[in-house]
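S.K.: Fold the stuff below for me.
(one chain, ligands or ions: 1)
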Amino acid sequence: MNIAGKIALVTGASSGIGAATARKLAAEGMTVGLAARRHDRLETLVSEITKAGGRAIPLVTDVTDLVSCQEAAKSLIAQFGRIDVLVNNAGLMPLSSVDSLKVDEWQQMVDVNISGVLNATAAVLPQMIAQHSGHIFNMSSIAGRKVFTGLAVYCATKAAVTAFSDGLRMEIGPKHNIRVTCIQPGAVKSELYDHITDADYRKQMDDLAASMTFLEGEDIADSILFALKSPARMDVAELFVLPTEQG
Ligand code: NDP
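M.R.: Okay, the predicted model is just below:
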């Protein structure tokens, strides 16, 4: 499928997988709305994409806020008339043991990893339904497929993303011609681990990073491109993408 000229909204575009995805989509000729909270990062990425001959616009967005997501979608629709692709990528992973009772961090994960996906989906869906076309990518994780110690809440949020992706695909694929792909990466080099406040789990992640070659954000972006470029008749429902050494 030719994707040049299509319009995308990427959440969590200010770093890591989201920024890599935005760069790749723009390099393919898509216009990309960059949604995240850090305005300076978005401006820097817009400059980089523009210099490379692509088109991107910054959309300062907090995915925990439905109205903020709706404003981002509205801005893209006002400028370009449609939204073809949503990449629900924004996420947080502040690991800790449940008995540490870091309840604020649990809530942040629920708000960003689950509500954020629902909010951005709700913001974009009316336009995709009106177009009778679209493709929604939801960033789950290996942690949505199996549970790890210290990741109980994170795993719960990613299992929710996987379940929602399945239900969403079943409901909107046949009825509205909108494809849904759930991406499930293993370990990827990014800023995700920087927010871990528990010293033991921070060390555990540092040790993991030292023990194997992590994926790059670009590897996940390429997986998204594979699903996106597939023929319209084909919906890649899930992509489970691991570092070779993670097994
Ligand atoms: P990063 O920390 O580099 O990126 C996270 C992104 O989420 C940032 O752009 C951040 O932007 C954004 N974000 C966080 N909170 C909000 C918010 N309230 N509103 C809008 N944007 C927000 O990590 P990754 O690139 O690794 O993570 C991207 C996704 O991939 C996440 O969903 C993560 O769970 C998932 N994933 C990552 C893996 C890994 O090993 N790295 C493995 C499996 C899945 P800002 O702070 O500017 O708002």
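S.K.: quick check: longest helix of this structure.
M.R.: When the chain is parsed with DSSP state H, its longest helix is helix 152-176.
S.K.: Spatially central residue in this structure, please.
M.R.: Among the residues of the chain, the smallest C-alpha distance to the mean C-alpha position (C-alpha atoms, centre = their mean) belongs to Asn89, namely 1.2 Å.
S.K.: Quick check: residues of the protein near the ligand?
M.R.: Neighbours of the ligand within the chain, by C-beta under 6 Å from any ligand atom: 11-12, 14-18, 36-38, 41, 61-64, 89-93, 112, 139, 141, 185, 187-188, 190-192, 217. For the C-beta atoms, the positions are set from N, CA and C on the backbone; glycine is no exception.
S.K.: which is the next helix or strand following the longest helix of the chain?
M.R.: Using DSSP states H and E, the helix or strand that follows helix 152-176 in sequence is strand 178-185.
S.K.: In that next one, which residues are buried?
M.R.: Going by neighbour count (16 or more other C-beta atoms under 10 Å), the buried part of strand 178-185 is 178-185.
S.K.: Identify the residues contacting the helix or strand of the chain with the lowest mean pLDDT?
M.R.: Ranking every helix and strand in the chain by mean pLDDT, DSSP states H and E puts helix 199-211 at the bottom, with a mean of 94. The contact list for helix 199-211 (C-beta atoms under 8 Å, 6 or more residues apart in numbering) reads 95-97, 150, 187, 189, 193, 196, 245.
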